[in-house]
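[1] 3D model of this:
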Amino acid sequence: MPSSHSLSQQIVSVKPIVVPSPGRGIDLQVKVTAPRSGHNLPVIVFSHGNAWSLDGYEPLVDRWAAAGFVVVQPTHLDSRRNAIAWGDPRFATIWRVRITDLHAVLDHLADVLAQAGLETRADPERTAVVGHSWGAQTAGALLGARVLDAEGGAGEDFSHSAVSAGALIGATGTGDTLTPFAAENLPFMKPDFSTMTAPALIVAGGKDDSQLSTRGPEWFTDAYHLGPAPKSLLTITEAEHTMGGIAGEKVAETTDEDPARVALTADTISAYLRSVLGLDDSGWAALNGTAGDGGWSLASK
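    So this is what the prediction gives:
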């Protein structure tokens, strides 16, 4: 298991950077975090879970930056700071605005990198999307997943040509077993993974028992089992929905605080993305050759 040691190199963050997003009503702001040194740095665009913002997920983002990634974090409309609650008429379309947010970031990535002073150090040709929870569904759409309509038909294709690969953490599964609350408030939670053709690592918690589905933790593995190859699945045996606290230290949503689990999540994603982006296969190969000591397992297809 990767260690929970301190960061291997210094990192810096720039915020807020405003990304053009006509008609959104609220400025689309992003934070950019990167190592202080290095060139040809690959890019991760990260989509946060419900209610979070560009200021969350430091345990993940800081480790990725220390590992040599530029990480771009937008604040989506459902962030607590925007006070758009379940009953707000805008909430029903936020899932689409989230996807549009990621498209806007990618479409203006050169300008975002320039404003962060990284125009000569980042490599936008090697860009991945990563998301957690609702953010995983958002990121999955850019990898090719669709949202089924009310009649069960395939929805719009939101994939983006700039995205080479991704990682989905706690990605909700198919919508046939939604609880009444989810069916009423989150009707868009009906993904179709059959079109998600881009390489992706799925991260699932073995004890992630969601209140949104009646299926239990295996619901969060659908993106792997139903998505076409190449896909990989990291299952963390004792992890719940925040994988030990990836959104931050001692935050209210974390029910399974474990810094080593956070480090495992971050470092496995780093190793996977470095491999599929054609940078370095050694870390991913080493993980695949490890038994996982019963605390985690890897599968690939």
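[2] ok, how many other residues are close to residue 229?
    10 (other CB atoms under 10 Å). C-beta coordinates here come from the backbone N, C-alpha and C atoms, glycine included.
[3] what's downstream of the worst-scoring helix or strand of the chain on mean pLDDT, the next helix or strand?
    Every helix and strand in the chain was compared by mean pLDDT, DSSP states H and E; the lowest is helix 180-185, with a mean of 84. Remark: after helix 180-185, the chain's next helix or strand is strand 191-192, criterion DSSP states H and E.
[4] Sheet-wise, list the partners of that next one with their directions.
    Using DSSP bridges, strand 191-192 pairs in its sheet with strand 146-147 (antiparallel).
[5] which helices and strands does the next helix or strand along the chain from the strand it pairs with pack with?
    For strand 146-147, the following helix or strand on the C-terminal side (DSSP H and E) is strand 165-169. In this structure, strand 165-169 packs against strand 122-132, helix 134-142, strand 200-205, helix 259-276, with contacts taken as 3 or more CB pairs under 8 Å, 6 or more residues apart in numbering; DSSP states H and E.
[6] Run the angle between the second one and strand 200-205 for me.
    Per axes from the mean of the first three to the mean of the last three CA atoms, to 10 degrees, the angle that helix 134-142 makes with strand 200-205 is 160 degrees.
[7] How far does helix 134-142 sit from its chain's centre?
    Relative to its chain's centre, helix 134-142 lies at 7 Å (CA atoms, centre = their mean, to the nearest Å).
[8] Report the angle between it and strand 165-169.
    Going by the same axes, to 10 degrees, helix 134-142 makes 150 degrees with strand 165-169.
[9] And helix 134-142, what's buried?
    134-142 (16 or more other CB atoms under 10 Å).
[10] would you turn those into TSV with distance to residue 211 and pLDDT?
    Shown next, in TSV, are those (distance: CB to CB, whole Å; pLDDT from 0 to 100):
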residue	distance to residue 211	pLDDT
134	14	95
135	18	97
136	17	97
137	16	96
138	20	97
139	22	98
140	21	98
141	23	97
142	26	98
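[11] ok so residue 63 is a strand residue?
    No: judged by DSSP: H, G, I helix; E, B strand; the rest coil, residue 63 forms no part of a strand; its state is helix.
[12] didn't residue 57 look like it was pressed against residue 245?
    No: here residue 57 does not reach residue 245: they are 10.0 Å apart, not a contact under CB atoms under 8 Å.
[13] The two: which has the busier surroundings?
    Shown here are residue 57 and residue 245; by other CB under 10 Å, residue 57 has more neighbours (28 against 22).
[14] returning to what we had before: for the least confident helix or strand of the chain, name the packing helices and strands.
    Partner elements for helix 180-185 (3+ CB pairs under 8 Å, 6+ apart): none found.
[15] isn't there a strand covering residue 97?
    No: assigned with three-state DSSP, residue 97 falls outside any strand and is helix.
[16] Let me see the contact set for the residue nearest to it when sequence neighbours are not counted.
    Closest residue to residue 97 apart from its sequence neighbours, by CB to CB, 6 or more residues apart in numbering: residue 77 at 5.3 Å. Each residue near residue 77 by CB atoms under 8 Å, 6 or more residues apart in numbering is listed here: 24, 26, 84, 90, 94, 97-98, 101.
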